[in-house]
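In: sharing a sequence plus its predicted fold:
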Amino acid sequence: MRPVYLRAEMIYLDYAASAPLREEVIEAMTRCLGVDGHFANPSSDHGPGRASALLVEQARERFAALIGAKPQEIIWTSGATEANNLALLGAAEFYAGTGADGQRIAVAKTEHKSVLDPCRQLALRGWKLDWLPTDAQGLIETESFAGLLGEQTALASCMLVNNETGVIQDIPALAELAAERQVLLHVDAAQALGKLDLHCQRWNVPMMSFSAHKFGGPKGIGALYLRQRPPVKVRPLMFGGGQERGLRSGTLAVHQIVGLVRAAELAVAELERNLGHWQQLRQRLWRSLQDALPQCLLNGADERQSPHVLNVSFAGVDGEALRADLDGLAVSSGSACTSEHAEPSYVLRALGRDDALADASLRFSFGVQSTVEDIDGAAQQVIHSVRRLRALSPLWEDAA
């Protein structure tokens, strides 16, 4: 079923920012909300409370099975932002507090703000940041990664699927190198579940973060995987009732947890079909733009690329004017978390795009509900707007 928008003619291609809930997810969540459902506090010591707690633990088991983990390795959070903060700040505080020598963290400039800002907080506390180099596609090569991990490196963080470009990092290889050097690797997998087959234990990843609303679950719920063997220790950022083994206090939102797991199960079950569908949509949109518009540039990788994202820069166009002109198309210029700041994408600038091209970029992202008609309609709007703005722009006269 196609989603209903505020405007019937609006085309939604911003699924990397947030995906709508599937009907199956809504139904599963609704059963936890009413008086006849599992509405009780799962920390309460009575029948309804124990029933809610059982549902939470069953959800934990089901989610762990989907990502190749053990149930006791899953910590429920409010989303990937909290999970990233708990992993990085919590691990840094624990291991620094044990007298460990490592006071350096390796991270790429193309990471999400919810990774970069905790790292900058660590820098204020005396940690040294080592920036992982990426190539022009945004890929971290294993040799560069290995070369940056020194004796003082305690932590590293790397996004599995980049939220702006869709580039896929070789996490199994990076995790092996980190393990050899006794570096604790954190992986932001917010954009990865339902886009590729991942396995925490087989990849030997110590910490991995997830966010439900990226794969068709509700907002306000996510998870952090913390490896049990060898154990990963973090100190909590929140204190209170001691829920989630004392690592994340706060009453568990049963309906959101249930929604997360149901959405994850659907995403994993439909993975192969969705990837083929998105690949067709991505190729169709890119060919349409490329054939109609000279000097439109692809941002991303040729092969190690998730098909649910297409990022394109348009030479000779003012980015703000382009986005304002596309009032019938819901796309973004990058991460939704940075959309309030009027500046070019720091991710694209890190890949070598100048400010003008980084600003004049659009990220198209596809979901289960995306159709060929959406793609053709989006291409038509973008082509019309770029041509019109180029005709008015001295930037295009200089570039042509």
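Out: Now that the structure is in, tell me what you want to look at. Residues are numbered from 1 along each chain as shown.
In: please count neighbours and contacts with C-alpha atoms only from this point.
Out: Fine.
In: now do the strands in the protein.
Out: Along the chain, the stretches classed as strands by DSSP state E are 11-12, 74-77, 104-108, 128-132, 153-159, 184-188, 207-211, 222-226, 296-299, 309-314, 329-330, 361-365.
In: and the ones you listed, which is most packed in?
Out: Comparing these by mean neighbour count (mean count of other C-alpha atoms under 10 Å), strand 207-211 comes out on top with a mean of 28.
In: give me the angle between that strand and strand 153-159.
Out: Computed by axes from the mean of the first three to the mean of the last three C-alpha atoms, to 10 degrees, the angle separating strand 207-211 from strand 153-159 equals 30 degrees.
In: now what about strand 207-211, what contacts it?
Out: 79-80, 83-84, 87, 185-191, 193, 200, 219, 221-227, 232 (C-alpha atoms under 8 Å, 6 or more residues apart in numbering).
In: at 6 Å what do you get?
Out: Identification of contacts with strand 207-211 by C-alpha atoms under 6 Å, 6 or more residues apart in numbering yields 79-80, 83, 186-190, 222-226.
In: cool, and stretch 223-236?
Out: 73-77, 83, 90-91, 94, 206-210, 247.
In: again, only this time at 7 Å
Out: Residues outside stretch 223-236 that contact it (C-alpha atoms under 7 Å, 6 or more residues apart in numbering): 73-77, 79-80, 83, 86-87, 90-91, 93-94, 206-211, 247-248.
In: over to stretch 115-126?
Out: Counting by C-alpha under 7 Å, 6+ apart, Asn84, Asn85, Leu88, Leu89, Leu129 sit against stretch 115-126.
In: before we move on, what about stretch 381-394?
Out: Leu289, Ala292, Leu293, Gly316, Val317, Leu322, Asp325, Leu326, Trp396.
In: buried residues in it, which are they?
Out: Neighbour counts over stretch 381-394 (16 or more other C-alpha atoms under 10 Å) mark Gln381, Val382, Ser385, Val386, Arg387, Leu389, Arg390 as buried.
In: kindly report the same for stretch 215-235.
Out: 215-228, 232-235.
In: what segments of this protein are helices?
Out: Per DSSP state H, the chain carries helices over the ranges 23-30, 47-67, 80-97, 113-124, 142-148, 171-180, 200-203, 254-269, 271-292, 319-325, 346-350, 355-359, 372-392, 394-399.
In: which one of those helices lies closest to Ala154?
Out: helix 80-97 (8.0 Å; C-alpha to C-alpha).
In: so what touches that closest one?
Out: The contact list for helix 80-97, computed with C-alpha under 7 Å, 6+ apart, reads 77, 114-115, 118, 188, 190, 207, 209-211, 222-224, 233-237.
In: where does the stretch 101-250 of the chain dip in pLDDT?
Out: Low-confidence segments of the stretch 101-250 of the chain (pLDDT under 70): 101-102.
In: let me know the distance separating the closest residue to Leu252 other than its chain neighbours from Leu33.
Out: Setting aside the residues directly before and after it, Leu252 is nearest to Pro42 in space (C-alpha to C-alpha, 6 or more residues apart in numbering), at 6.9 Å. Pro42 sits 13 Å away from Leu33, going by C-alpha to C-alpha, to the nearest Å.
In: which of the two has more neighbours?
Out: Higher neighbour count among Pro42 and Leu33: Pro42, with 24 against 14, using other C-alpha atoms under 10 Å.
In: show me the contacts for that one.
Out: Taking C-alpha under 7 Å, 6+ apart as the test, what Pro42 contacts is Gly49, Arg50, Ser52, Ala53, Leu252.
In: neighbours around the second one, how many?
Out: In this case it means Arg50. Other residues close to Arg50 by other C-alpha under 10 Å number 17.
In: before we move on, back to that, so can I have a markdown table of the contacts of Pro42 showing pLDDT?
Out: Formatted as a markdown table, the contacts of Pro42 follow (pLDDT from 0 to 100):
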| residue | pLDDT |
| --- | --- |
| Gly49 | 95 |
| Arg50 | 96 |
| Ser52 | 96 |
| Ala53 | 96 |
| Leu252 | 97 |
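In: just among the residues you listed, which is most surrounded?
Out: Using other C-alpha under 10 Å as the neighbour criterion, Ser52 leads the contacts of Pro42 with 24 neighbours.
In: who's in contact with that one?
Out: The contact partners of Ser52, taken as C-alpha under 7 Å, 6+ apart, are His38, Ala40, Asn41, Pro42, Val254.
In: at 8 Å instead, please
Out: His38, Phe39, Ala40, Asn41, Pro42, Val254.
In: swap in Ser313?
Out: Cys296, Leu297, Leu298, Asn299, Leu357, Ala358, Asp359, Ala360, Ser361, Leu362.
In: cool, and Ser43?
Out: Gly49, Arg50, Ala53, Thr251.
In: ok, now how distant is it from Leu54?
Out: Applying C-alpha to C-alpha, the value for Ser43 to Leu54 is 11 Å.
In: again with Glu143
Out: For Glu143, the distance to Leu54 - C-alpha to C-alpha - is 46 Å.
In: which one of the two is surrounded by more residues?
Out: Leu54 (14 against 10).
In: pull the distance from stretch 20-29 to the chain's centre.
Out: 21 Å (C-alpha atoms, centre = their mean, to the nearest Å).
In: what's the answer for stretch 368-380, then?
Out: Using C-alpha atoms, centre = their mean, the offset of stretch 368-380 from its chain centre is 23 Å.
In: repeat that for stretch 115-129.
Out: 20 Å.
In: just the buried ones out of the contacts of Ser52, please.
Out: His38, Phe39, Ala40, Asn41, Pro42, Val254.
In: now the residues you listed in JSON lines, with distance to Gln279 and pLDDT?
Out: Shown next, in JSON lines, are these (distance: C-alpha to C-alpha, whole Å; pLDDT from 0 to 100):
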{"residue": "His38", "distance to Gln279": "39", "pLDDT": "93"}
{"residue": "Phe39", "distance to Gln279": "40", "pLDDT": "94"}
{"residue": "Ala40", "distance to Gln279": "43", "pLDDT": "94"}
{"residue": "Asn41", "distance to Gln279": "43", "pLDDT": "94"}
{"residue": "Pro42", "distance to Gln279": "42", "pLDDT": "95"}
{"residue": "Val254", "distance to Gln279": "35", "pLDDT": "97"}
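In: and which of the residues you listed is nearest Gln103?
Out: For those, the nearest to Gln103 is Val254 (38.0 Å; C-alpha to C-alpha).
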